[in-house]
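Undergrad: sequence and predicted model, in that order:
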Amino acid sequence: MNLSLEEARLFFELMWGLQHYVNRRQGSLNDIPSPLKYAELPAEKKLKVREALWKSPGLIDEYVKKNPESLSSEHLEIVRSWKGFIKGEFFVLRHLKKYTIFIGNNNQVYGVLGLFDSLEDIVPAHALPVMAKTVLL
């Protein structure tokens, strides 16, 4: 199962704004004037910025405090919630109707949703279980 189209679009709108801010603070990519232009970059370029974000989660607080995109309090709260991210290696165990089961360290179990793409399309059931490095929000 995936987020709704509206929820997935909101996720990316908020995430690109945050990553654009991180890029400006870290200086990884030059001359990216807006979150929209940042979103157009190839994934491999955005990877450095994303990794910088997960290494420095305090940037989330800084972004929320400065609110450079003039986000609503509801949207700021969504971004703030990402400080609870879980980065690591997970066993992708099984696809269910409502979510995919990931098992992390200490046998912690997570129900994970896809964004635009179904996780079953990315990792077919016949390939399970499989190990994945990812960040859960």
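TA: Done, it's in.
Undergrad: where's Tyr46 relative to Pro129, distance?
TA: Small correction: residue 46 is Lys, not Tyr. 28 Å (Cβ to Cβ, to the nearest Å). C-betas here are computed from N, CA, C, even on glycine.
Undergrad: neighbour count: those two, which is higher?
TA: Each of Lys46 and Pro129 has its neighbours counted (other Cβ atoms under 10 Å); Lys46 has more, 20 against 13.
Undergrad: residues contacting the more buried one?
TA: Shown in contact with Lys46 (Cβ atoms under 8 Å, 6 or more residues apart in numbering): 19, 38.
Undergrad: quick one: pLDDT of it?
TA: Lys46 carries a pLDDT value of 92.
Undergrad: phi, psi of it?
TA: For Lys46, the backbone dihedrals (degrees, to the nearest 10) come out as phi -70, psi -20.
Undergrad: same deal with the one 10 residues further on?
TA: When read as degrees, to the nearest 10, the backbone of Ser56 gives phi -130, psi 70.
Undergrad: can you tell me the strand partners of the longest strand seen in the chain and which way each runs?
TA: Secondary structure of the chain per DSSP state E: the longest strand is strand 86-95. If you go by DSSP bridges, strand 86-95 pairs up with strand 100-103 (antiparallel), strand 130-136 (antiparallel).
Undergrad: which other residues reach the host helix or strand of Glu62?
TA: Using DSSP states H and E, Glu62 maps to helix 58-66. Contacts to helix 58-66, defined as Cβ under 8 Å, 6+ apart, come from residues 17-18, 21-22, 25, 52-53, 76, 79-80, 82-83.
Undergrad: and it, what's buried?
TA: The neighbour-count check on helix 58-66 (16 or more other Cβ atoms under 10 Å) flags 59-60, 63-64 as buried.
Undergrad: where's Asn23 relative to Lys83, distance?
TA: 19 Å.
Undergrad: just to check, Gly114 is in contact with Leu3?
TA: Yes. Using Cβ atoms under 8 Å, Gly114 is in contact with Leu3, at 7.3 Å.
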